[in-house]
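Engineer: let's see this in three dimensions:
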Amino acid sequence: MTKEFTFTIKSIRFDENYRPSDNTRITTNFANLARGESREENLRNTLNMMNNRFNTLADWDNPQGDRYTLELDIISVDIDIEGNGKTFPTIEILQTNIIDHKNNQRIEGIIGNNFSSYVRDYDFSVLLLEHNKDQPKFSVPENYGDLHGKIFKAFVNSQTYTNNFSKSPVICLSVSTTKTYHKTANVHPVLGVEYKQDDFSLTDQYFAKMGLKVRYFMPKGSVAPLAFYFRGDLLSDYSNLELIGTISAMETFQRIYRPEIYNANNIASSVYQPSLKNSDYSLTQIVYDREERSQLAVKQGKFTEEQFIKPYKNVLEQWATNYTL
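Structural biologist: Have a look, this model is predicted:
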């Protein structure tokens, strides 16, 4: 019988008073926005962008464009490998909730949205780099992403998850700059125009190990498609307001983090390859240090190797070998 790991979750509100907790990944997008002299202005402007985007998309019965506001909670997931109360920070995701001021109602939104993971940092910033250090052609190690994917599946299928969240997660990320996307005739009333591509990116393959499928949509008013990773049926399992919450939150983050793609001054064409070398874009009024984030990802990957991968190597390998859904 496969040993069961124990998961615990902590929640912290993401608002203009947000301060990262001591064990938050310092490369996480939230922490990056909440540092420095501009922290409160950064956070306030980010939330205003999200709320404005939400009301633009949810424009029915909303004549003043101010009916809804988003509430965001950062959910940190810790894992206990040995059952002795000693935990390691595993996953960080985002819970959206929607406040309907007209009906004085709070609506549960989608869990997931953003996705941060120490083990993912290790896989991408340590393991993958070391594997390709002396290779003439890029490749991935054998069983790449298997452990991370099984840990994620174990969490989503755990009693801890079921006790706290009513639906499966949806992760919303940037499309890959190495792939070409083709516009289709399929148009969803909220998600917008669907794009497809024939060759999945490394991220797509990595998330597939987590049990997540991917579809690409460009919502109304957007300039580039977003990648949505999900279980089940993305179009049927979630309400329009739930989907708008995810779009509003994650497109705002992408406009800040990848303005060359998501704050571009030109709209994605029918055959589209995103590029961070695009020079025709606008900057938001929000300070974000992308170079620092990439440097810290390597440090955190090495921290994971020393504090999690090496100490628990035998236990993790045995667990991953035997783990099945």
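
Engineer: what average pLDDT does stretch 285-298 get?
Structural biologist: The average of the pLDDT scores along stretch 285-298 is 68.

Engineer: mind checking what secondary structure residue 10 has?
Structural biologist: Under the three-state scheme (DSSP: H, G, I helix; E, B strand; the rest coil), residue 10 adopts strand.

Engineer: could you look up the SS state of the residue nearest to it when sequence neighbours are not counted?
Structural biologist: In this structure, residue 10 finds its nearest non-sequential neighbour in residue 76, 4.7 Å apart by Cβ to Cβ, 6 or more residues apart in numbering. The C-beta positions use only the backbone N, C-alpha and C, and glycine is treated the same way. What three-state DSSP gives for residue 76 is strand.

Engineer: is residue 76 bridged to anything, and to what?
Structural biologist: On the basis of DSSP bridges, residue 76 is bridged to residue 10, residue 92.

Engineer: can you pull out the helices in the stretch 151-300 of the chain?
Structural biologist: 159-164, 202-208, 240-257, 259-262, 290-304 (DSSP state H, counting those that start in this stretch).

Engineer: which one of those helices lies closest to residue 91?
Structural biologist: Nearest of the helices of the stretch 151-300 of the chain to residue 91, taken as Cβ to Cβ: helix 159-164 at 10.5 Å.

Engineer: count of residues packed around residue 233?
Structural biologist: 10 (other Cβ atoms under 10 Å).

Engineer: ok, so what distance separates it from residue 168?
Structural biologist: Noted for residue 233: a distance of 10 Å to residue 168, by Cβ to Cβ, to the nearest Å.

Engineer: likewise residue 224?
Structural biologist: 25 Å.

Engineer: the more surrounded of those two?
Structural biologist: Between residue 224 and residue 168, counted using other Cβ under 10 Å, the more crowded position is residue 224 (25 against 19).

Engineer: re earlier: out of the helices of the stretch 151-300 of the chain, which comes closest to residue 99?
Structural biologist: Counting by Cβ to Cβ, and looking across all of the helices of the stretch 151-300 of the chain, nearest comes helix 240-257 at 10.5 Å.

Engineer: send the alpha carbons of stretch 138-148 over as PDB?
Structural biologist: This file holds the C-alpha atoms of stretch 138-148, laid out as PDB (Å, rounded to 0.1, in the frame of the first residue of the first chain):
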ATOM      1  CA  PHE A 138      18.200  20.000 -25.700                       C
ATOM      2  CA  SER A 139      16.400  17.100 -24.000                       C
ATOM      3  CA  VAL A 140      14.600  16.300 -20.800                       C
ATOM      4  CA  PRO A 141      15.700  13.700 -18.100                       C
ATOM      5  CA  GLU A 142      14.000  10.400 -17.900                       C
ATOM      6  CA  ASN A 143      10.800  10.600 -15.800                       C
ATOM      7  CA  TYR A 144      11.000  14.400 -15.800                       C
ATOM      8  CA  GLY A 145       8.200  15.900 -13.800                       C
ATOM      9  CA  ASP A 146       6.800  12.600 -12.600                       C
ATOM     10  CA  LEU A 147       7.400  13.300  -8.900                       C
ATOM     11  CA  HIS A 148       6.000  16.800  -9.000                       C
END
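
Engineer: so where's the stretch 201-325 of the chain shaky on pLDDT?
Structural biologist: The stretch 201-325 of the chain contains residues with pLDDT under 70 at 287-295.

Engineer: alright, calling it a day.
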